[in-house]
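S.K.: need a structure here:
(2 chains)
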2 protein chains.
Amino acid sequence: MGHPYAPPELELPGFVPLKLSQGEILVSYLGASLFVLLAVWLVSGRCGRLSKTDRLLMCWWAFTGLTHIMIEGPFVFTPDFFDEVWKEYSKGDSRYVARDAATVTVEGITAVLEGPASLLAVYAIASQKSFSHILQFTVCLGQLYGCLVYFITAYLDGFNFWVGPFYFWAYFIGANSFWIWIPMLIAIRSWKKICAAFQAEKVKTK
Amino acid sequence: MGHPYAPPELELPGFVPLKLSQGEILVSYLGASLFVLLAVWLVSGRCGRLSKTDRLLMCWWAFTGLTHIMIEGPFVFTPDFFDEVWKEYSKGDSRYVARDAATVTVEGITAVLEGPASLLAVYAIASQKSFSHILQFTVCLGQLYGCLVYFITAYLDGFNFWVGPFYFWAYFIGANSFWIWIPMLIAIRSWKKICAAFQAEKVKTK
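M.R.: Model prediction:
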């Protein structure tokens, strides 16, 4: 029995095809994500002292944390259970369905360390902890390092893991780009806040 | 022509054996490293205001930065030039001589980003910049993430890349362990300093 992934010579013994359609998978994931974003936005609005930026950041950290734990976690630890999302995504990167070591490694680190740390960031922002910025910065760096490993290994291993240009741009580049530009923006913001805190300390001790 | 690495079935067409002995390679690297550590310690002592911890950190960052750039850099970008060190190290991990994608990726990120950033940390500590802690923290996280990818991919890919227990413990575990416990200690220290700066800011604005 064949498989729909690239390159065609990729061997996937015992492959079970997708049961759900592309639409069913994307609508479920995007719908659930939208629900999380909206719920966190509304709940965080009831904490009067939080700025809009902080509320937006809480939405992002809740969404990305749940994605790391509930989508990427099962891929690493229970590959046969809840695997429809990854069978669909593999049209853009067959290394997922082939269980490439570098891909499983990055996803494992993301699910185990960055997932829970993202949810901790929601709490840290809400309660204005002094570790809020360094925690957010840490998770952003982890996400950026993971993306670097993900893209560079794809390049070194032949760069031919997608079914066609649509899946290359929409899945391989498009979906992952959110975990590049958003962590980059947050990391720069937290870096600046941290430097400002040391500047303030210096001025104070002068 | 055979090669001295594990697993024996590993194919290395056109392999050119080591020219230098193990002793020559180790003594050169350790000697040069000791020279850098000593030089930075002595020079930093002439800046009166620096604490002993800061001077030790400058020694570490100079040593690790130069290692990243001068040892790991050539491995990634000029694999046939200056390759004696890596032919020796490959007795502890043949993925280097086999140019495994995950290994080349981690070394590439380390050489290009963490190398120069380590040297910048020497300067940042010496001139007590406000970005000194967040920069040191950033490089430590990169080194730790790199080690995680390095060890987890080795595990997933079969964990059989060393010639024998000596090379496993001395090279694969021993040599790398410095880039785990030292970054961990520095990262914890910088995390605490950053939290303390925010605490101080909070107290001040109250």
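
S.K.: so how far is residue A:26 from residue A:162?
M.R.: Per C-beta to C-beta, to the nearest Å, residue A:162 is found 17 Å from residue A:26. The way it works is simple: take the backbone N, C-alpha and C, and place the C-beta from them, glycine included.

S.K.: hmm, I was thinking of residue A:204
M.R.: Taking C-beta to C-beta, one finds residue A:204 at 52 Å from residue A:26.

S.K.: So for residue A:162 and residue A:26, which residue has more residues nearby?
M.R.: The neighbour comparison of residue A:162 against residue A:26 (other C-beta atoms under 10 Å in any protein chain shown) goes to residue A:162, with 23 against 14.

S.K.: pLDDT value on residue A:53, please?
M.R.: Looking at residue A:53, its pLDDT is 97.

S.K.: number of nearby residues for it?
M.R.: Neighbours of residue A:53 using other C-beta under 10 Å come to 10.

S.K.: Same check on the one 4 residues further on?
M.R.: Per other C-beta under 10 Å, the neighbour tally for residue A:57 reads 23.

S.K.: Which strand or helix spans it?
M.R.: helix A:52-66 (DSSP states H and E).

S.K.: Return the distance of the very next helix or strand once past that helix from the chain's centre.
M.R.: Helices and strands here follow DSSP H and E; after helix A:52-66, the next one along the chain is helix A:73-77. Centre-to-centre, helix A:73-77 and its host chain are 13 Å apart (C-alpha atoms, centre = their mean, to the nearest Å).

S.K.: what does helix A:73-77 rub up against?
M.R.: A:81, A:82, A:83, A:86, A:96, A:104, A:107, A:108, A:111, A:112, A:115 (C-beta atoms under 8 Å, 6 or more residues apart in numbering or on different chains).

S.K.: wait, isn't the fourth one in contact with residue A:97?
M.R.: If I follow you right, that is residue A:86. Yes - using C-beta atoms under 8 Å, residue A:86 is in contact with residue A:97, at 6.8 Å.

S.K.: Tell me the pLDDT of residue A:167.
M.R.: For residue A:167, pLDDT reads 97.

S.K.: Can you tell me how far it is from residue A:22?
M.R.: Distance from residue A:167 to residue A:22, by C-beta to C-beta: 10 Å.

S.K.: Also residue A:106?
M.R.: For residue A:106, the distance to residue A:22 equals 24 Å [C-beta to C-beta].

S.K.: for the residue nearest to residue A:56 when sequence neighbours are not counted, what are its contacts?
M.R.: Spatial nearest neighbour of residue A:56, excluding adjacent residues (C-beta to C-beta, 6 or more residues apart in numbering or on different chains): residue A:41 at 7.8 Å. Counting by C-beta under 8 Å, 6+ apart, residue A:41 makes contact with A:55, A:56, A:58, A:59.
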